[in-house]
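>>> Predicted model, plus sequence, below.
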Amino acid sequence: MKPLVTVVIPTCNQPGPLWHALASVAAQRAVPGSVEVVVVNDGGCDVSTVANAAREQGLVVRLVDLDQNGGLPSARNVGIQIARGDYLAFLDDDDIFLPSHLGTALAALSTGDADLAYTVCVVQEARVDPTNPPAFSSTPTTFSFDPDLLSVANFMPVHTAVLRRPPESARFDPDLPALED
């Protein structure tokens, strides 16, 4: 069965945080279809045990092991290349999705002709349990889309975005030294 959403997770030498990232994908609510995860091991230590444990919890995980570290943009591009979903989402191995992330973004995409939706990004000082995140007491800082601001600062982290499958020519630039997302 073709998944509705593919979540691409690049990883390198962080099996513990990767487990939490995968658990946060498994904990997604209100996703009207199936989700697959493509974990791209970017030349790091073996994470097959982590991927297998996530599979045992019911998550569809495809693992790609790269021989050499090529960096985040290259790893994400590998994940995009083999993704099967109609929509793409990105998550770094040391971050998590809040439980309503994918559902909220997909709902926004279904109401109009936008090709990309992004949600709020909450920054915490301590690791959050992806299956039981705390209630956030402060109002998040939000920014409306501004192409001028985006050209100088990344106010929209990659893991906040969900997008319709882009054309083959749309990829991350592996030559950018920073803000590649």
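Yep, that arrived. Nothing here was measured: the structure is a model prediction, and the numbers come from that model.

>>> Could you pull out the strands in the protein for me?
With DSSP state E as the criterion, the chain has strands at 5-11, 35-42, 60-66, 87-90, 116-118, 161-164.

>>> so where's the chain uncertain?
Along the chain, segments meeting pLDDT under 70 span 120-145, 149-156, 177-181.

>>> circling back: would JSON lines of the strands of the chain with distance to residue 146 and mean neighbour count be doable?
From N, CA and C alone the C-beta is placed, and that goes for glycine too. Listed next are these as JSON lines, based on distance: least, C-beta to C-beta, whole Å; neighbours: other C-beta atoms under 10 Å:
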{"stretch": "strand 5-11", "distance to residue 146": "26", "mean neighbour count": "27"}
{"stretch": "strand 35-42", "distance to residue 146": "30", "mean neighbour count": "24"}
{"stretch": "strand 60-66", "distance to residue 146": "35", "mean neighbour count": "17"}
{"stretch": "strand 87-90", "distance to residue 146": "21", "mean neighbour count": "24"}
{"stretch": "strand 116-118", "distance to residue 146": "13", "mean neighbour count": "18"}
{"stretch": "strand 161-164", "distance to residue 146": "15", "mean neighbour count": "18"}
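
>>> between these, which one is nearest to residue 18?
strand 5-11 (4.9 Å; C-beta to C-beta).

>>> Mind listing the strands the closest one pairs with, and their directions?
strand 35-42 (parallel), strand 87-90 (parallel) (DSSP bridges).

>>> I'd like the ones you listed written out as CSV, with distance to residue 115 added.
Formatted as CSV, the strands paired with strand 5-11 follow (distance: least, C-beta to C-beta, whole Å):
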stretch, distance to residue 115
strand 35-42, 19
strand 87-90, 10
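
>>> Indicate which one of those is closest to residue 57.
Closest approach to residue 57 among those is made by strand 35-42 (11.4 Å; C-beta to C-beta).

>>> In PDB, list the C-alpha atoms belonging to that closest one.
This file holds the C-alpha atoms of strand 35-42, laid out as PDB (Å, rounded to 0.1, in the frame of the first residue of the first chain):
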ATOM      1  CA  VAL A  35       3.000   6.900   7.100                       C
ATOM      2  CA  GLU A  36       6.400   5.500   6.200                       C
ATOM      3  CA  VAL A  37       9.700   6.500   7.500                       C
ATOM      4  CA  VAL A  38      12.900   6.500   5.500                       C
ATOM      5  CA  VAL A  39      15.900   6.500   7.800                       C
ATOM      6  CA  VAL A  40      19.100   7.500   6.000                       C
ATOM      7  CA  ASN A  41      22.100   6.400   8.000                       C
ATOM      8  CA  ASP A  42      24.700   9.000   6.800                       C
END
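
>>> so where do the helices sit in this protein?
Using DSSP state H, the helices of the chain run over residues 15-26, 48-56, 72-82, 101-110, 147-150.

>>> nearest to residue 170, of those helices?
helix 72-82 (8.4 Å).

>>> Who are the packing partners of the closest one?
strand 5-11, strand 35-42, strand 60-66 (3 or more C-beta pairs under 8 Å, 6 or more residues apart in numbering; DSSP states H and E).
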